[in-house]
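J.: Provided below are the primary sequence and the corresponding predicted coordinates.
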Amino acid sequence: MDGEINKSMFIFKNVIGKGAFGYVWRVEKKPSRFPFAVKVMSKAKVFNMRSVDTVINEMKLLSQLKHPFIVNMNYAFQEKENLYLVSDFMVGGDLRYHLTLRQRRFSERQAQFIIACVILGLEYLHNNGILHRDVRPENILIDGKGYCKLADFGLARIWQPLNSSDTSGAPGYAAPEVLNRQNHGTEVDYFAVGIIAHELMLGKRPYPGNDRQTYKENVMKIQAELKKADTPESWNHEASDFINKCILRKPTSRLGLNGPNEVKSHVWFKDFDWQALLARKLNSPFIPSIKRKNFDRKNFILKPEEQESTLQIKMNQELLMQPSIQALFDGYKYDIDEEKRKELEREENEKKKRNKLK
């Protein structure tokens, strides 16, 4: 249908990210030129990596979620070869970029603000029964005012008591119970929060390891703990205590076991104005310069082993000609404008019903 959201409604400007299935573009929607970010995913790659459920799950979850501390979806649509997920454009880039390239360590005030933003995003998800399960600096995006939002819901799931088979999290941030394929809950997200806070404080993670096995061995070897001597002079030891309680290997002892209020009530956040943060009334102590492109172009260059051969391209084209393959992506569609129209219609109908009863 002509009125349905499609690729021609956007001006594709430049690549700002790379994912497992394709690239993320900065785009502008016609005719307003309002900026968005579009994740373009190759259907063939999604199918070949057995990730159809992952991308469908992400779209369905995001269609039910709206919050100032998550990166919200605005549109989703598809063509024969690709899926398109259109979300809020975050001009400040991701936290990983600023950790590694721009500013290896952060001040305590900056770190506290960043972590508080993440906690509010997690509070919303957890109160809706959702585990993010992939909290890491790459999935924390920063807007033009320095507010951080959680992104990438591909591994997010509605919590189920028997979920030991669900693998999640990246090396460096995954909780021990996930690494050991045990049932897990919201505590896995707070473990990752502790790891990130450690990284913001000291410029490194408490448990090294870039591959899953090495990381797991280091996590299981010894309980990491920050001593008073480890805390930078410009930081309060309450920050170290917060980190230590988040990165406890035993989930039943970990901060956050009893919900987000337990995390928000930690002494490190004593006198912190959570309501003002939620209302976006606080001035962020870390605001990335919007005059610079807050991403590293080197990350978007395909390595030789990532480039598809002529044979692979032909096989993918033949794959996507099969109706059964295309049917796997049925329903991959979302239009926030259409949802708003439906909501207005519902409100109007409810209003008419109330007037009839008077």
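T.: Great, that's in hand.

J.: for the stretch 1-150 of the chain, what spans make up the helices?
T.: 43-48, 52-64, 95-97, 108-127 (DSSP state H, counting those that start in this stretch).

J.: so how far is Leu85 from the spatially most central residue of the chain?
T.: When CA atoms, centre = their mean is applied to the chain, the residue found nearest the centroid is Ala151 (2.2 Å). Ala151 is 11 Å from Leu85, where distance means CB to CB, to the nearest Å. All C-beta spots, glycine's among them, are computed from the backbone N, C-alpha and C.

J.: next one: Arg297
T.: Arg297 sits 22 Å away from Leu85, going by CB to CB.

J.: go on, Arg280?
T.: 25 Å.

J.: list the contacts for Ile313?
T.: If you count contacts by CB atoms under 8 Å, 6 or more residues apart in numbering, Ile313 has none.

J.: can you give me phi and psi for it?
T.: Geometry field for Ile313 lists phi and psi as phi -60, psi -40, criterion degrees, to the nearest 10.

J.: list the buried residues for the longest helix anywhere in the chain?
T.: Longest helix of the chain, by residue count under DSSP state H: helix 336-357. Of the residues in helix 336-357, Ile336 count as buried by neighbour count, 16 or more other CB atoms under 10 Å.

J.: which strands and helices lie in contact with that helix?
T.: Helix 336-357 is packed against strand 73-78, with contacts defined by 3 or more CB pairs under 8 Å, 6 or more residues apart in numbering; DSSP states H and E.

J.: what lines up beside the strand it packs on in the sheet?
T.: strand 82-88 (antiparallel), strand 334-335 (antiparallel) (DSSP bridges).

J.: may I have that strand exported as CSV, CA atoms only?
T.: Output of strand 73-78 as CSV, limited to C-alpha atoms (Å, rounded to 0.1, in the frame of the first residue of the first chain):
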residue,chain,number,x,y,z
MET,A,73,11.3,2.2,18.0
ASN,A,74,9.3,4.4,15.7
TYR,A,75,8.9,2.3,12.5
ALA,A,76,9.6,-1.2,11.3
PHE,A,77,9.2,-2.4,7.7
GLN,A,78,10.7,-4.9,5.2
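
J.: quick one: work out the angle between it and helix 52-64.
T.: Computed by axes from the mean of the first three to the mean of the last three CA atoms, to 10 degrees, the angle separating strand 73-78 from helix 52-64 equals 140 degrees.
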